[in-house]
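Asks: Using only what follows, build the 3D model:
(chains A and B)
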Amino acid sequence: QSALTQPASVSGSPGQSITISCTGTSTDVGSYNLVSWYQQHPGKAPKLMIYDVTNRPSGVSDRFSGSKSGNTASLTISGLQAEDEAEYYCSSYTRSDTWVFGGGTRLSVL
Amino acid sequence: QVQLVQSGAEVKKPGASVNLSCKASGYTFTRFYVHWVRQAPGQGLEWMGIINPSNNSTTYAQKFQGRVTMTRDTSTTTVYMELSSLRFEDTAVYYCARSFLASDGFDFWGQGTMVTVSS
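Replies: Model (predicted):
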């Protein structure tokens, strides 16, 4: 199972919006609405930000939203804040009943 | 409150095995799946496998099949992950994380355990 494809880095200014893409195949992202997104700050464990493509866990800001079209899922962060600067990973359930992660995207808030 | 508390750092030689633990508390242990995810230094996340604590069933990533074994002890609400035939490239932080269904997002994570493989 190959890793999902994410851009290595994205950046934005405070208050702006950014979108991170996550491209898979018909056997993972394209198969189910079972894509999750995680935020990871340096030295910390990942934190679930989005699950089932569009759902936010309790306590996650509504500035975070998710979507999917075909084999590509996306995470949008609106109203960028300094605290959003982190690594972001997508993950998808697969037809093999396994999970696969993306390579990660480093978000810089300029 | 939900907690997944992992065992301490390990240093192992190539060819050895390592057995990590993940103690769950604050929720009904058998109602949530537990995953193991690792992260090599400066690298991304890599899913290793999943265990269903209610019946001990497991699914492993193809990459680790034959080298990884996940088990659980319901009396102590602890999940274990053994990785054998260690190689230098197994040096990583190993996380446990839970999900309600096998296909759900991982909503709580352990603090991670650093495993260093060094001669």
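Asks: Check for me that A:I20 belongs to a strand.
Replies: Yes. Checked against DSSP: H, G, I helix; E, B strand; the rest coil, A:I20 lies within a strand.
Asks: Just give me how far stretch A:99-110 sits from the chain centre.
Replies: 7 Å (Cα atoms, centre = their mean, to the nearest Å).
Asks: could you pull out the strands for the chain?
Replies: The chain I'm using is chain A. Using DSSP state E, the strands of chain A run over A:9-12, A:18-23, A:35-40, A:47-50, A:64-69, A:72-77, A:86-93, A:99-101, A:105-109.
Asks: switch to chain B, that's the one I care about
Replies: Taking DSSP E, the strands of chain B run over residues B:3-6, B:10-12, B:18-25, B:33-39, B:45-52, B:57-60, B:68-73, B:78-83, B:92-99, B:108-109, B:113-117.
Asks: ok, and what's touching the fifth one?
Replies: Counting by Cβ atoms under 8 Å, 6 or more residues apart in numbering or on different chains, the neighbours of strand B:45-52 from elsewhere in the structure are A:38, A:40, A:46, A:89, A:91, A:98-101, A:104, B:33-40, B:57-61, B:64, B:68, B:70-72, B:79, B:81, B:92, B:94, B:102. All C-beta atoms are positioned from the backbone trio N, CA, C, and that covers glycine.
Asks: so that strand versus strand B:33-39, what angle?
Replies: When axes from the mean of the first three to the mean of the last three Cα atoms, to 10 degrees is applied, the directions of strand B:45-52 and strand B:33-39 differ by 160 degrees.
Asks: Flag every buried residue along strand B:45-52.
Replies: The neighbour-count check on strand B:45-52 (16 or more other Cβ atoms under 10 Å in any protein chain shown) flags B:L45, B:E46, B:W47, B:M48, B:G49, B:I50, B:I51, B:N52 as buried.
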